[in-house]
Structures are given as C-alpha cells and as structure tokens.
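Chemist: Output the structure for:
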Amino acid sequence: MQGTTITRRELIREISPFSKVSTAHGLALFLFDYIVYIAAIAGALLLPSLWMQLLCSMIAGFKIGTLLTVGHDAAHGSLVKGKRLNWFLGVMCFLPCLYSYRMWVYDHHILHHAHTNKDHKDTYTPLTKAEFDALPRWKQWRERFYRQANPVSFATYYIVERWSQAKLFPHAGLPASMRASAWKHCAFVVIVNLIYAAFLLAAPLYSHNSPLMGLFLGLLLPFFTFMFAACLVLWSMHTCPDLAWYRGDAPNAELERAGELVSVHVDLPRWLGWMVHDVNNHPVHHLYPAMPCYRLHKAQIRYNELMGERAVVAKASIGYFFDTMRRCKLYDFERNHWLDFEGKPTSGLTKPYRNFQNAPAEAVNA
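Modeler: Numbers count the residues shown, from 1 in each chain. Alright, predicted model coming up:
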C-alpha cells in the first residue's frame with residue numbers, strides 16, 4: 001500500500017492487530033505509577049533537606065502526568081479488560097489530577113476526538129490576527145504570556161483556560177444527561193482532596209514541615225508541575241508549523257473526521273517515550289482510540305510507514321520546541337498557515353491542506 005493512497009479504513013485494518021488489551025500490563029502500569037507517586041509524596045514530606053523535598057515534589061507532579069495517561073486509556077476502555085475495572089482505575093488515576101472523570105470524558109471523547117483542531121475550545125486553540133487585535137490590551141498581553149516557552153506560562157494557561165473551565169466543575173455547555181454524574185464525580189474529587197489537604201496541613205504532627213509547607217510540597221507544587229507537564233504535552237500534540245487548524249467545513253471530508261491528520265507524532269528518544277507511556281505517539285491514538293498506551297510505539301511506527309509523507313512527524317529537540325513556540329502564535333484560517341503576533345506568516349500552507357489540495361509548500365522566510 002502507498003502512504004499517499006491508503007484509505008482510512010485500510011489504515012485502521014492495518015493498525016488494529018496492535019490493539020490487544022492486557023489486564024496484567026494495564027494493572028502493572030497503574031500500580032507502578034501510583035507507588036512511585038506515593039513514594040515521591042512521602043519523600044517530599046519526610047526527607048531532611050529542602051532540595052530533596054522539592055525534587056520529590058516535582059517528581060510527584062510528573063507522575064500525576066503519567067497517571068493521567070493511564071487514566072486516559074482506562075476512560076477509553078483500553079487499559080484493562082472489563083468496563084467496571086476500567087472505570088474504577090480511571091477514577092482513581094484522575095484523583096491526584098484533580099480531574100472529574102465525567103468532565104474529562106465529555107471534553108476528551110465528545111469534543112476533542114470528534115472535532116480535533118476545530119473551533120471548540122481546546123488546548124492552545126489559536127486566534128486569528130483580527131481576533132487578537134480586537135482583544136483589550138491586557139488580554140493581548142495575556143495571550144503573549146501564554147505563548148511563551150516556559151513552565152510558568154504553560155501551567156498558568158492550563159489552570160486558567162482548561163482545568164478550571166473543563167476538567168473539574170460542570171459548566172453550562174455540559175449536556176443535561178451528564179450533569180448528575182458530573183456533579184457526583186466533582187464532589188468525590190473535591191472531598192477526597194480536601195481530606196488530603198487537611199492531612200498535609202497537619203504536617204507538624206508527623207514531619208519537620210510547617211502546615212503551609214506541607215500543603216505546598218504535597219499538593220500545590222505537584223499540581224503546578226503536573227499542569228505544566230500536561231499542557232506542554234498537549235500543546236506539542238496539536239501545535240506544529242506543519243499542522244493545520246480549521247473552522248467551518250473542512251476542504252475534504254477525510255480531514256473533517258480524521259484527527260490523526262491534525263496530530264503530531266513527537267519523535268522522542270526511546271527511553272523518554274517509555275517514561276511517558278508513549279503518549280507522544282498521538283496520531284495513531286486518534287486513528288484508533290482504543291489502542292492501549294503500551295502498544296502505541298509499534299503501532300505508530302507502522303502508521304508512519306503506511307502514511308509516508310502524509311504523516312506529521314517532529315523530531316523532539318530543544319530547538320524544535322522553541323522554534324515551534326516562536327512561530328505558532330496566531331493562525332490564518334483562510335490561507336491556512338501560522339502567523340506571529342504582528343501577522344507575519346511563519347509557515348507555508350500546512351501539511352493536511354497541501355496533501356488534499358495537491359499544492360506545493362510555500363517558501364516562507366521564517
């Protein structure tokens with residue numbers, strides 16, 4: 001099969017053999033991540049040196065990020081076998097994330113997968129130049145701050161624009177049929193984490209920390225670290241100078257429904273991909289959402305072989321990271337390329353549009 005002619009149905013058929021679910025593998029990932037997370041929290045509260053405590057606190061934050069990946073698979077019903085067990089593991093994984101299981105499922109399954117890189121609010125959905133210019137000055141400053149390449153801007157963006165609006169508390173856009181369940185899940189997460197916060201505020205009873213330091217090391221810093229890590233990963237999955245966003249009707253029906261064509265495979269060193277449960281292999285997940293994370297790496301390799309030049313692959317590096325953040329500020333939905341805040345084009349015609357319109361890439365001095 002040729003990567004330029006293979007159909008989506010043929011792709012799914014070729015990828016499906018990689019989707020075998022293993023309950024033993026899924027449970028092992030869940031237990032490993034939770035044990036490391038709890039050990040890191042213990043280190044953050046009990047180790048004698050402040051630098052050790054801070055390091056363990058941030059490690060706990062990064063492990064919350066991998067628990068999110070495990071919970072993501074459980075919510076897709078693909079971590080282990082059995083609907084109830086997947087639900088339970090998903091709910092437990094989302095607890096330290098401060099995520100409501102029901103709100104996450106709505107935002108991820110119903111909005112993100114069905115309308116990838118389209119006009120609903122998602123992580124770093126780009127504005128047009130006209131929309132940016134129409135913002136009050138303070139909101140323009142905020143948008144510039146959000147699109148800076150540093151942990152504070154990433155974490156702040158995600159807390160303000162995504163977590164607080166879509167991940168925990170039910171909102172007006174939630175379907176009425178999901179509201180009761182959403183409030184129950186929200187209440188469960190809030191109550192458990194309030195109990196946990198009370199335990200941390202009692203830190204002087206079992207450690208050398210003050211109440212506020214216990215809260216900072218055990219909850220606030222891990223959560224902030226998690227928000228940074230989650231936002232960085234989600235930004236990298238759907239932001240790239242070669243990657244399209246669109247509004248209204250897509251120019252081709254396949255682009256409208258194929259989230260894999262507007263997702264990036266961030267090519268990480270194998271050891272780092274293993275540490276993050278291969279979450280960087282994102283296009284194949286959009287093609288086949290029931291693919292377990294422990295099968296993604298091999299499935300993505302096969303996907304890239306089948307797609308050829310149509311695959312959007314980015315070799316991870318510090319240079320790529322800063323270059324992408326520098327170039328991908330605003331988006332021109334009419335000409336389908338990226339802009340900086342001054343409206344200058346920073347990319348050529350993005351790859352999905354080049355593929356479907358058979359148009360050559362425009363040379364742009366970026």
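Chemist: tell me the contacts of residue 215?
Modeler: By Cβ atoms under 8 Å, 6 or more residues apart in numbering, residue 215 lies in contact with 197, 200, 201, 203. For glycine as for every other residue, the C-beta is placed from the backbone atoms N, C-alpha and C.
Chemist: Return the member of these nearest to residue 34.
Modeler: residue 200 (17.9 Å; Cβ to Cβ).
Chemist: Would you reformat the contacts of residue 215 as JSON lines and include secondary structure?
Modeler: Below are those laid out as JSON lines (DSSP: H, G, I helix; E, B strand; the rest coil):
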{"residue": "197", "secondary structure": "helix"}
{"residue": "200", "secondary structure": "helix"}
{"residue": "201", "secondary structure": "helix"}
{"residue": "203", "secondary structure": "helix"}
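Chemist: List only those of the residues you listed flagged as buried.
Modeler: 200, 201, 203 (16 or more other Cβ atoms under 10 Å).
Chemist: pLDDT and distance to residue 283 added to those, as TSV?
Modeler: As requested, those are exported to TSV (pLDDT from 0 to 100; distance: Cβ to Cβ, whole Å):
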residue	pLDDT	distance to residue 283
200	98	40
201	98	44
203	97	44
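Chemist: ok, so of the residues you listed, who is nearest residue 258?
Modeler: Distances from residue 258 to the buried ones among the contacts of residue 215, taken by Cβ to Cβ, are shortest for residue 200, at 45.0 Å.
Chemist: So the closest one is in contact with residue 218, correct?
Modeler: Yes. Shown here, residue 200 and residue 218 form a contact pair, counting by Cβ atoms under 8 Å, at 4.2 Å.
Chemist: and for the two, which residues touch both?
Modeler: residue 45.
Chemist: Contacts made by stretch 326-335 with the rest, please.
Modeler: 126-129, 132, 147, 149, 239-241, 245-247, 337-341, 343, 345-347, 349, 366.
Chemist: Please look at residue 296 and residue 281 and confirm they touch.
Modeler: Yes. Between residue 296 and residue 281 there is a contact under Cβ under 8 Å: 4.1 Å.
Chemist: hmm, back to that, inside helices: which ones of the contacts of stretch 326-335?
Modeler: 129, 132 (DSSP state H).
Chemist: Narrow the contacts of stretch 326-335 to those that are buried.
Modeler: Counted by 16+ other Cβ under 10 Å, the contacts of stretch 326-335 give 126-129, 132, 147, 239-241, 245-246, 337-340, 345-347, 349 as buried.
Chemist: Brilliant, that's me finished.
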